[in-house]
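Engineer: Have a look at this prediction, sequence included:
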Number of protein chains: 2
Amino acid sequence: MLSKNKIKFIKSLEKKKERTELGLFLAEGNKLVADILNAFECELLIAKPVWLATQGDIKAKELIVVDEDDIEKTSLLKNPQDVLAVFVQRSAVLNPETLKDELTLMLDGIQDPGNLGTIIRLADWFGIKNIICSPDCADVYNPKTVQASMGGIAHVRVFYRSLPELLNELPDLPVYGTFLDGKNIYCEKLTSNGLIIMGNEGNGIRRTLEKHITHRLYIPNFPPEAQSTESLNVAVATAITCAEFRRQQIYSES
Amino acid sequence: MLSKNKIKFIKSLEKKKERTELGLFLAEGNKLVADILNAFECELLIAKPVWLATQGDIKAKELIVVDEDDIEKTSLLKNPQDVLAVFVQRSAVLNPETLKDELTLMLDGIQDPGNLGTIIRLADWFGIKNIICSPDCADVYNPKTVQASMGGIAHVRVFYRSLPELLNELPDLPVYGTFLDGKNIYCEKLTSNGLIIMGNEGNGIRRTLEKHITHRLYIPNFPPEAQSTESLNVAVATAITCAEFRRQQIYSES
């Protein structure tokens, strides 16, 4: 059985302050925990026997076998699964030079943890290794971000930096941004390296970044003459943009 | 000031049973309510003066002007805005014949209300007028769905039907589905009409539907040789698929 203190400790990881102070984060779910177990140092693993039976050797500082009841008391999910785990946050140093030959995402004020997690997941799919977030973006270790990333946090490195400062430091690179008045993404020649900046859910890309953008892109709606006043969810727009970069890189005949 | 009964009534609309019995739904947020105010019959509008000042004539059966405090007590959102409104649900009859020349989405067991709302929003962007959901999909009038649809529910019609039954009734149409072992979507010739089936978040498309599918599609990851064991979020996969259909329809030179 789990002690009250243990439960309190785990639940405290919902708060960014606690996570940062302790350098820890929480992950839940049978597939997610299995997927990242070897990528992060595991501080504490709490699991039902049914999940443990599906795993090989488990490397965790502390392992507690529990029943349904304990998981339900501890979980932050609406529908708790069979395992939750506390991992050690990773820290990595960003070397701007390595970005020269790659496609990199820059996120400017993405507020919603679910959107950030979805973007990490799709970055993983599209072979994007680094995401650079402005300091006011959602926290990569928010349990909702971890959940939505579906293991993507094990493969994609997420940095927090002042974007205008970093853009001044970076080598000469194409810098793409999506705008409602940009150029049709399907009519532009997209490169296999560079930065793609995605803006805040409500306000888009900040003015202070606009001068760094060398290519303003637009995802056309349908039919093209409809002049929609609507917009796309930022994770959806990021997905369509990344997919088009990779399509042109591999499958375009021109 | 809002009566306790009014607050209770509004909060009750979080539950599907109540919504269905009353034929009503709740929408919140300054832009969202403004966007759908003319598309749905408004039963009750609760707003701060600051929002009302931004609007022209308002057609609502009952209008209550409130202060911050009342909105906070009533709202289902983490960050309440200046208005919330109760609307009458719309009912429409699906005429299968009208689907013949259009692109239509079919959703097979999409569980998450946020995913459903995001899909409605992107369907609106890509000029998809009808979405047909299996009966076990999330409810289009769930407040989280309405929220994520960002006004898309005003333009896109959402039906609930037994998908296998409907597929038997429908005229001869191309039926697309996305699978991990499908054919590369960028190498297939996509039509400007037909059905696109998207499957459940965890389990994909149900076996009973597979025999109806004439084209199995796959969104390639990058690099192509990586053989990812991961997958894409269903709203993200829907977005990339719809974008590619429309790109081929309009911008492809082949």
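Structural biologist: Nice, I can see it.

Engineer: Report the residue spans of chain A with pLDDT below the cut-off.
Structural biologist: Applying pLDDT under 70 to chain A flags the ranges A:227-229, A:253-254.

Engineer: So the spatially most central residue of it: helix, strand or coil?
Structural biologist: The residue lying closest to the centre of chain A (C-alpha atoms, centre = their mean) is A:I120, at 2.8 Å. At A:I120 the chain is in helix, as set by DSSP: H, G, I helix; E, B strand; the rest coil.

Engineer: Contacts only, for it.
Structural biologist: A:I131, A:V140, A:T145, A:A148, A:S149, A:G152, A:I153, A:V156, A:V158 (C-beta atoms under 8 Å, 6 or more residues apart in numbering or on different chains). Using the backbone N, CA and C atoms, a C-beta is placed for each residue, glycine as well.

Engineer: so which of these are also by chain B?
Structural biologist: Near chain B, judged by C-beta under 8 Å from any C-beta of the partner chain, the entries from these are A:A148, A:G152.

Engineer: how about the residue nearest to A:V83 when sequence neighbours are not counted, what does it touch?
Structural biologist: Using C-beta to C-beta, 6 or more residues apart in numbering or on different chains and skipping the chain neighbours, the partner closest in space to A:V83 is A:A47 (4.0 Å). Counting by C-beta under 8 Å, 6+ apart, A:A47 touches A:V33, A:L63, A:I64, A:V65, A:V66, A:D82, A:V83, A:L84, A:A85.

Engineer: Of the residues you listed, select the buried ones using a ChimeraX command.
Structural biologist: The ChimeraX selection below is limited to those of the contacts of A:A47 classed as buried (16 or more other C-beta atoms under 10 Å in any protein chain shown):
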select /A:33,66,82,83,84,85
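
Engineer: Tell me which entries of the contacts of A:A47 lie within strands.
Structural biologist: Under the assignment DSSP state E, these contribute A:L63, A:I64, A:V65, A:V83, A:L84, A:A85 to strands.

Engineer: Going by distance to chain B, which of these wins?
Structural biologist: A:V83 (15.8 Å; C-beta to the nearest C-beta).

Engineer: ok, what's across the strand from A:A27?
Structural biologist: A:A85 (DSSP bridges).

Engineer: Verify the stated contact: it with A:A85.
Structural biologist: Yes. Assessed by C-beta atoms under 8 Å, A:A27 is found in contact with A:A85 at 5.4 Å.

Engineer: Residue numbers of the stretch 151-254 of chain A in contact with chain B?
Structural biologist: Checking the stretch 151-254 of chain A against chain B by C-beta under 8 Å from any C-beta, the hits are A:151-152, A:184, A:186-187, A:219-224, A:226, A:228, A:230-233, A:235-236, A:239-240, A:243-244, A:246-247, A:249-251, A:253-254.

Engineer: just the helices in the stretch 101-250 of chain A please.
Structural biologist: Along the stretch 101-250 of chain A, counting by DSSP state H, counting those that start in this stretch, helices occupy A:113-125, A:143-149, A:163-169, A:207-210, A:234-250.

Engineer: so which of those is the most packed in?
Structural biologist: Among those, helix A:113-125 has the highest mean neighbour count (mean count of other C-beta atoms under 10 Å in any protein chain shown), at a mean of 26.

Engineer: now it and helix B:113-125, what's the angle there?
Structural biologist: With axes from the mean of the first three to the mean of the last three C-alpha atoms, to 10 degrees defining the directions, helix A:113-125 sits at 70 degrees from helix B:113-125.

Engineer: Pull the CA coordinates from helix A:113-125 and hand them back as PDB.
Structural biologist: In PDB, the C-alpha atoms belonging to helix A:113-125 read as follows (Å, rounded to 0.1, in the frame of the first residue of the first chain):
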ATOM      1  CA  PRO A 113       0.400  21.700 -22.500                       C
ATOM      2  CA  GLY A 114      -1.600  19.400 -24.700                       C
ATOM      3  CA  ASN A 115      -0.600  21.400 -27.800                       C
ATOM      4  CA  LEU A 116       3.000  21.300 -26.800                       C
ATOM      5  CA  GLY A 117       2.900  17.500 -26.200                       C
ATOM      6  CA  THR A 118       1.100  16.900 -29.500                       C
ATOM      7  CA  ILE A 119       3.800  19.000 -31.300                       C
ATOM      8  CA  ILE A 120       6.600  17.000 -29.600                       C
ATOM      9  CA  ARG A 121       4.900  13.800 -30.800                       C
ATOM     10  CA  LEU A 122       4.600  14.900 -34.400                       C
ATOM     11  CA  ALA A 123       8.200  16.300 -34.300                       C
ATOM     12  CA  ASP A 124       9.300  12.800 -33.400                       C
ATOM     13  CA  TRP A 125       7.300  11.400 -36.300                       C
END
